[in-house]
Each structure stands twice: as C-alpha cells, then as structure tokens.
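Trainee: Please find the sequence and the predicted model below.
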Amino acid sequence: MNGLIRLELARALRNRKFLFFSVAYPAILFLLIAGSADSTTKVDGTGLTLPTYMMVSMASFGALTAVLMGNSERIAKEREGGWVRQLRLTALPGRGYVLAKTASAAVVSLPSIVVVFLVAAVVKDVRLDAWQWLALTGAIWAGSLVFASLGVAIGYLASGDAVRPITMIIYFGLSIMGGLWMPTTSFPGWLQDIAKWVPTHAYAALGQAIEQSRAPHAKDLVVLVVSFALFTGGAAWLYRKDTLKA
C-alpha cells in the first residue's frame, strides 16, 4: 500500500492545474476577500476579525479542494480506464486502495493549509500563539479526512462523464453552506439554522474555536464524526458494489 501512496503523491504533484487550484487558489481568494479588510472590525457573533476568520475558512476550503476534487475525478477515470480492475488482480486488498487514496489526498492538502497561513501572517499580520498555529494545522488537516472519504464515495458513485458536475455541485454547496466563502452570520436566520448541520460548517468551526482559545462545540464534533462514518461507509459499500459488477 505504501508504494501505491507514493505513486498517488507523484501523480498529484505532477498535475500543475490541480496544484494551482488546491494550493494557490485558496490563498488568492483569501487576499481577494480579506485583502482590504482592517484588523479591528469583527465578524458578527465570532469575536474574530475578518482576516482571522477567513484564514481558517480559506485553509479549510483549500483542504476541501485537494481531497474532494482530486479523489472523485481520479477514481472515476481509473475505474473506466481499467486501473482499479488491474489493482484487484494484485495482493492489494480493497481497503488498501481506499486508504491509499484517502492518505495521499490528505498529504497533498497540507501545503494548501500552510500557504494560506503564511499569506495571512505575512500580508494581513495575523498573529496567534505557537500552540494555536500547530493546533490549527493539525485540526484542519485531520478534518480533511472527512471529505477525502466523501471524494472516494463520489468516485465510485459516478462515471467519468458525470463525476465532474456532481462533484462541483457538492463542492460549491459545501463551500457556500459551510460559510467558507462568507460568514454564515450574513445568511437569513432559517438558512443559518440549516448551515449549522453542514459538515464544512463544523469543520471551519474547529479552527475558529482554536483561534478563540476555547474547546470546540460538542455538536460540531458529532457532525464531523457522523459525516465521516457515513462517507466512509458509503465509500466501502460502493467499492464492494463496484467489485461485484466487475
């Protein structure tokens, strides 16, 4: 399985378009949204300045891009191209393929998180304690596994032609409803109530809790754990279903 992880990493790092959208694009969006914001105005209901708030949002968005967009399209194309069928003839167990995809996507997501943090610190003078930087990196990186498993599930759910529009709808829906592009406090009240149960909202809330030097809400942790269980279970079921068809 280690060999497959190394192969997946090498393929991802050679894809310049993928690297741009997963690493550079979130940092550029951060500058567009928070570039002209001052360091005193607070986002309603958070106690955080807009640059500090959007730093976590864009780091989460970058990790989401890396693990969701990368996994789903690549898996669907590999299924159609026969690569997955070839792997089934080797000693690699089915769970090894799924774990390799998830692990390699999580590794690629780390640079997108770090780049956003660096831009926020250098350009917008965001300052946190050392433990907060480390905790933020760990929480956002670990949380990306939730969406990596979703990417695997989508890759087995859709064909090569259909996977991109399906992924894009889910990707933009999760980004907007989770408050990664704009604070959910700007939403109507009824939409805020819905957004609180979206996994990307809980994902960003972990980082915001660290910035506020407090423990995360139990509800956010539950949403992420349940989402991970559902996405992983769905990916495993779809993989077995695909195996039986083959």
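Mentor: Cool, got the structure.
Trainee: could you say which helix or strand contains the residue positioned nearest the centre of the chain?
Mentor: In the chain, the centroid-proximal residue (C-alpha atoms, centre = their mean) is residue 64; its distance is 1.9 Å. The secondary structure element spanning residue 64 is helix 50-64 (assigned by DSSP states H and E).
Trainee: wait, the residue nearest to the centre of the chain sits on residue 147?
Mentor: Yes - Residue 64 is within contact range of residue 147, at 5.3 Å (criterion: C-beta atoms under 8 Å). All C-beta spots, glycine's among them, are computed from the backbone N, C-alpha and C.
Trainee: Could you pull out the residues contacting both of those two?
Mentor: Applying C-beta atoms under 8 Å, 6 or more residues apart in numbering, one finds that residue 64 and residue 147 are jointly contacted by 174, 200, 203.
Trainee: Now tell me what touches stretch 130-144 from outside.
Mentor: Stretch 130-144 is contacted by residues 56, 59-60, 63-64, 66-67, 105-106, 109-110, 113-114, 117, 128, 203, 206-207, 210-211, 213, 224 when judged by C-beta under 8 Å, 6+ apart.
Trainee: Now do it: distance to the chain's middle.
Mentor: How far stretch 130-144 lies from its chain's middle: 13 Å, per C-alpha atoms, centre = their mean, to the nearest Å.
Trainee: Now do the strands in the chain.
Mentor: With DSSP state E, there are no strands along the chain.
Trainee: what about residue 149, how many neighbours?
Mentor: Number of residues near residue 149 (other C-beta atoms under 10 Å) recorded here: 27.
Trainee: meant to ask about residue 134
Mentor: 12.
Trainee: again with the one 3 residues further on
Mentor: Neighbouring residues of residue 137 were enumerated by other C-beta under 10 Å; the total is 17.
Trainee: roughly how far apart are it and residue 161?
Mentor: Per C-beta to C-beta, to the nearest Å, residue 137 is found 37 Å from residue 161.
Trainee: next one: residue 39
Mentor: Relative to residue 161, residue 39 is positioned 47 Å away (C-beta to C-beta).
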